[in-house]
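Peer 1: Give me a 3D structure for the following:
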Amino acid sequence: MAKRFNVNGACDPNRHYMVDLDSRLKAIRKMVDIGDYFTINRARQYGKTTILQALARYLKNDYEVVSLDFQTLSTDCFQSIPAFVSAFAKEILDNADSLPDEIEEKFSDIGKKTAAQYSLQDLFRIIRLWCQKADRKIVLLIDEVDTASNNQVFLDFLAQLRAYYLKRPDVAAFQSVILAGVYDIRNIKRKIRPEEDHKMNSPWNIAADFDIDMSFSVQDIAKMLNQYENDYHTGMDVQDISNLLYDYTSGYPVLVSRICKLLDEKIAGTDAFPDKSCAWTKEGFYEAEKRIVREDNPLYESLMGKLELYPELRTVVYELLFNGKSIPYVATSPYMKDAAMFGFIRNENERAVISNRIFEAVLYNNFIAEEFVTSKMYDAGERERNQFFVGGHLDIRRILEKFAETFEELYSQEDDAFLENVGRKYFLLFF
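Peer 2: I've put the predicted structure just below:
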């Protein structure tokens, strides 16, 4: 079966074109070997599940690897400790490759019980016994921990993991525990009682820093495109296309793969780009870039949803886009943490900048779209638009002159602060 570019779910090297993960896996393996517990928290569709699945395969010859996905558990499992203990035991039974007979029997017994006779302490006693009797050290991987993060039962579970981590090597425990999700579990906020404010109270302060870069470099992209080129012989300039992909995406994995998928499956075969050789060019890339900015997809929906949920985040993004404000990247700022965690911004020379040019265009479009209906400046641009096209090209000088004239006409009576704050936004509305 021919390989494809994948943007839905985890990537499989036998079915999909993907970057070489070996250097990342080797770096994570070093953390596992020394017994680190840590969290892989990255924005949506950043390759977390792909790296976890690849890691499980990479470690399986030397470790007993147990991979769980909390997204498969019902929300009821996190409503009480007995329910969680029972569900967790069943997940171990389903996902552990080999369990000593005694341990399998104990997990099976817990999984069958629903009465409140089993506690987290009971569960971890069995886990401790399992770690003692297992032929190899055990590595626990849990994907989609966000599913359970705003939950006291989950915090109690983390507290038990932490307690056993701190007792090593006197008490048998997992060799390594790796949690994956968008939110940083070390900074989890939990409202324990309705009358309480949100508090920072995660016990996951034992987690080692995970500093491995999961974005795609130009070299990563070029290696992936070489795989494709070996199959299709398009004659593309691999280095030029790789540079373009990186320039517009800053290596955000799903954006790179989505543009490649558009070139391969949507652009190639059109009237303007009749075959793959025509598509994999600069002109084809710019057509794909236009399409990805205009489309609706789950990643963009997630971004816009976060702007609605976090007003302070919306303010930070707005200031960066429209006011050109230079904002220091302060790692301890809750707003910066949220903006970086969700993928809106990155740290560039200790300044906060929008993560990539694709997001920048999408965010501009969405902020501007909110004002289309009521904006006099947008209406003026619509009325005047025909005069700006000369010989099939935009007359940029004329656009600037007409914008200045219209802006003066509409807003000459406003004060300097108003003019400074809205100038960029109004130009974009006019444009």
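
Peer 1: When you work out contacts or count neighbours from here on, use the C-alpha atoms and nothing else.
Peer 2: Will do.

Peer 1: Do a quick rundown of the helices in the stretch 301-431 of the chain.
Peer 2: Using DSSP state H, counting those that start in this stretch, the helices of the stretch 301-431 of the chain run over 311-322, 334-341, 357-369, 376-384, 396-411, 416-430.

Peer 1: Next, the angle helix 311-322 makes with the shortest one.
Peer 2: Helix 334-341 runs at 70 degrees relative to helix 311-322, counting by axes from the mean of the first three to the mean of the last three CA atoms, to 10 degrees.

Peer 1: Pull helix 334-341 out as PDB, backbone CA atoms only.
Peer 2: C-alpha atoms of helix 334-341 as PDB (Å, rounded to 0.1, in the frame of the first residue of the first chain):
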ATOM      1  CA  PRO A 334       0.500  32.400  33.800                       C
ATOM      2  CA  TYR A 335      -0.600  34.100  30.500                       C
ATOM      3  CA  MET A 336       2.700  33.200  28.800                       C
ATOM      4  CA  LYS A 337       2.400  29.700  30.000                       C
ATOM      5  CA  ASP A 338      -1.100  29.300  28.700                       C
ATOM      6  CA  ALA A 339      -0.300  31.000  25.400                       C
ATOM      7  CA  ALA A 340       2.800  28.700  24.900                       C
ATOM      8  CA  MET A 341       1.100  25.600  26.100                       C
END
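
Peer 1: what packs against that helix?
Peer 2: For helix 334-341, the packing partners by 3 or more CA pairs under 8 Å, 6 or more residues apart in numbering; DSSP states H and E come out as helix 311-322.

Peer 1: before we move on, the earlier item: from the helices of the stretch 301-431 of the chain, which stretch is densest packed?
Peer 2: Among the helices of the stretch 301-431 of the chain, ranked by average contacts under mean count of other CA atoms under 10 Å, first place goes to helix 334-341 (a mean of 20).

Peer 1: thinking again about what came up before, distance to residue 244 and mean pLDDT for the helices of the stretch 301-431 of the chain - can I get that in TSV?
Peer 2: Putting those into TSV (distance: least, CA to CA, whole Å; pLDDT from 0 to 100) gives the following:
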stretch	distance to residue 244	mean pLDDT
helix 311-322	22	89
helix 334-341	23	88
helix 357-369	11	92
helix 376-384	31	83
helix 396-411	24	88
helix 416-430	24	74
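
Peer 1: and residue 174, which of these is closest to it?
Peer 2: Residue 174 sits nearest to helix 334-341 of all these, at 27.5 Å, using CA to CA.

Peer 1: can I get the helices of the stretch 301-431 of the chain in CSV with distance to residue 153?
Peer 2: Listed next are the helices of the stretch 301-431 of the chain as CSV, based on distance: least, CA to CA, whole Å:
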stretch, distance to residue 153
helix 311-322, 29
helix 334-341, 24
helix 357-369, 36
helix 376-384, 52
helix 396-411, 57
helix 416-430, 46
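
Peer 1: right, so of those, which gets closest to residue 34?
Peer 2: Evaluated over the helices of the stretch 301-431 of the chain, closeness to residue 34 peaks at helix 334-341, with 26.6 Å, by CA to CA.

Peer 1: Now do stretch 338-357: everything it contacts.
Peer 2: 41-44, 182-184, 247-250, 252, 303, 306, 313, 317, 320-321, 326-330, 359-360 (CA atoms under 8 Å, 6 or more residues apart in numbering).

Peer 1: Give the closest residue to residue 273 in space, chain neighbours not counted.
Peer 2: Among residues not flanking residue 273 along the chain, residue 279 sits closest, at 5.3 Å (CA to CA, 6 or more residues apart in numbering).

Peer 1: Out of the helices of the stretch 301-431 of the chain, which gets nearest to residue 16?
Peer 2: Residue 16 lies closest to helix 357-369 among these, at 23.1 Å (CA to CA).

Peer 1: Output the closest one as CSV, restricted to C-alpha atoms.
Peer 2: What follows is helix 357-369, C-alpha atoms only, in CSV (Å, rounded to 0.1, in the frame of the first residue of the first chain):
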residue,chain,number,x,y,z
ARG,A,357,3.0,32.5,9.9
ILE,A,358,0.1,30.1,9.3
PHE,A,359,-1.3,30.8,12.8
GLU,A,360,-0.6,34.5,12.4
ALA,A,361,-2.7,34.6,9.2
VAL,A,362,-5.5,32.5,10.7
LEU,A,363,-5.7,34.6,13.9
TYR,A,364,-5.6,37.8,11.9
ASN,A,365,-8.5,36.6,9.7
ASN,A,366,-10.6,35.6,12.7
PHE,A,367,-10.1,38.8,14.6
ILE,A,368,-10.8,40.8,11.5
ALA,A,369,-13.9,38.8,10.6
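
Peer 1: So what angle separates the directions of it and helix 311-322?
Peer 2: 100 degrees.

Peer 1: Next, the angle from helix 357-369 to helix 376-384.
Peer 2: Using the same axes, to 10 degrees: helix 357-369 against helix 376-384 is 100 degrees.

Peer 1: Distance from the chain centre to helix 357-369, please.
Peer 2: Once both centres are worked out by CA atoms, centre = their mean, to the nearest Å, helix 357-369 turns out to sit 18 Å from its chain's centre.
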